[in-house]
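>>> Here you go, sequence then predicted model.
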Amino acid sequence: MKTPSSSFVLSLLAAAVLVGCEHAETEKGVYWNGTPSKPAASQPAASQTVATRSAVQTGGTSQPSAAAGQGAAAANDAVPFSSLRWSYGGVNGSGAQPSAVTISGLSCSRNGLSFRYNTNLSAWGLSYADAHALACLFVQKADGSWVGGKFDWISSSRTTRDFVNIRGGYNGWSLSGVPNPCRVAFVIIDEGHRRRSNVIAGTWSR
């Protein structure tokens with residue numbers, strides 16, 4: 001019987017050592033034939049993945065929702081919208097809902113008003129010079145009630161309006177029973193009477 005050569009014995013020993021190492025490292029989570037999936041606990045939650053993807057798609061910033069825009073307009077009402085009585089102007093905008101259009105900085109002179117857009121009428125799909133929104137003014141009578149309505153058309157390019165129509169009795173407009181000076185409220189509604197800006201207020205000395 002032949003005695004195994006020394007080189008054959010060494011080969012067997014090397015193979016045994018290799019198998020032993022593979023078994024030991026497998027138990028420690030190290031794999032010779034590829035790395036397994038990470039444990040479930042270390043994977044990002046599905047909601048986190050969706051949120052991250054959304055942030056990437058929007059440039060890392062959250063986009064305001066329509067509901068958020070409605071809340072902003074309603075929260076900035078200087079006079080409760082429900083207290084405005086649509087008596088003049090031939091329009092009843094009492095059902096208009098707050099939207100993303102917001103305004104501020106009302107100032108009245110004897111013959112007109114000026115204001116600022118925070119978010120202009122492009123939120124309603126109107127171009128900068130498209131005068132298809134309604135400028136509505138309300139005046140507070142001596143008894144505390146608010147009367148008024150549409151008095152002009154308006155666009156994003158127009159942040160001043162004169163009171164010629166109001167003084168001229170446009171569609172029933174009257175200042176009877178209104179003290180001088182008086183409080184005024186200004187709001188913009190869309191042509192379909194469905195959406196509105198917030199309500200801003202000031203004082204008018206005639």
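Looks like it came in fine.

>>> going forward, measure contacts between C-alpha atoms and count neighbours the same way
Fine.

>>> For the chain, give me the ranges with low pLDDT.
1-73 (pLDDT under 70).

>>> try it again with 90
In the predicted model, the chain carries pLDDT under 90 at residues 1-75.

>>> And the strands in the protein?
For the chain, the strands defined by DSSP state E occupy 84-88, 97-98, 102-108, 112-119, 133-140, 146-154, 160-162, 182-190, 195-196, 200-204.

>>> neighbouring strands for the second one, and are they parallel or not?
It stands for strand 97-98. In the sheet, strand 97-98 lines up against strand 195-196 (parallel) (DSSP bridges).

>>> which residues are contacting the partner strand?
For strand 195-196, the external contacting residues (Cα atoms under 8 Å, 6 or more residues apart in numbering) are 96, 97, 98, 99, 101, 187, 188, 189, 190.

>>> ok, the residues you listed vs residue 131, which is closest?
Residue 131 lies nearest to residue 190 out of those, by Cα to Cα, at 10.1 Å.

>>> Find the nearest non-adjacent residue to that closest one, please.
Nearest-residue entry for residue 190: residue 133, 4.7 Å, with adjacent residues in sequence omitted and distances by Cα to Cα, 6 or more residues apart in numbering.

>>> From residue 190, how far off is the closest residue in space to residue 188 that isn't next to it in sequence?
In space, and not counting its chain neighbours, residue 188 is closest to residue 135: 4.9 Å by Cα to Cα, 6+ apart. Counting by Cα to Cα, to the nearest Å, the gap from residue 135 to residue 190 is 9 Å.

>>> ok so, going back, adding distance to residue 126, write the strands of the chain out as CSV.
CSV is the format used below for the strands of the chain (distance: least, Cα to Cα, whole Å):
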stretch, distance to residue 126
strand 84-88, 24
strand 97-98, 17
strand 102-108, 14
strand 112-119, 12
strand 133-140, 9
strand 146-154, 11
strand 160-162, 18
strand 182-190, 10
strand 195-196, 13
strand 200-204, 21
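
>>> What residue spans form the domains of the protein?
Structurally, the chain divides into domains by automatic domain parsing as follows: 6-57, 66-204.

>>> Neighbours of the residue nearest to residue 190, how many?
23 (other Cα atoms under 10 Å).

>>> isn't it right up against residue 188?
Yes - using Cα atoms under 8 Å, residue 133 is in contact with residue 188, at 6.8 Å.

>>> quick one: contacts for residue 153?
With contacts defined as Cα under 8 Å, 6+ apart, the neighbours of residue 153 are 131, 132, 133, 134, 135.

>>> repeat that with 10 Å
130, 131, 132, 133, 134, 135, 136, 161, 188, 189, 190, 191 (Cα atoms under 10 Å, 6 or more residues apart in numbering).

>>> Just the closest of those to residue 177, please.
Nearest member of the contacts of residue 153 to residue 177, counting by Cα to Cα, is residue 136, at 19.0 Å.

>>> And the closest one, how close does it get to residue 93?
9 Å.

>>> Which neighbours do these two have in common?
When contacts are counted by Cα under 10 Å, 6+ apart, residue 136 and residue 93 have 86, 149, 150, 188, 189 as shared neighbours.
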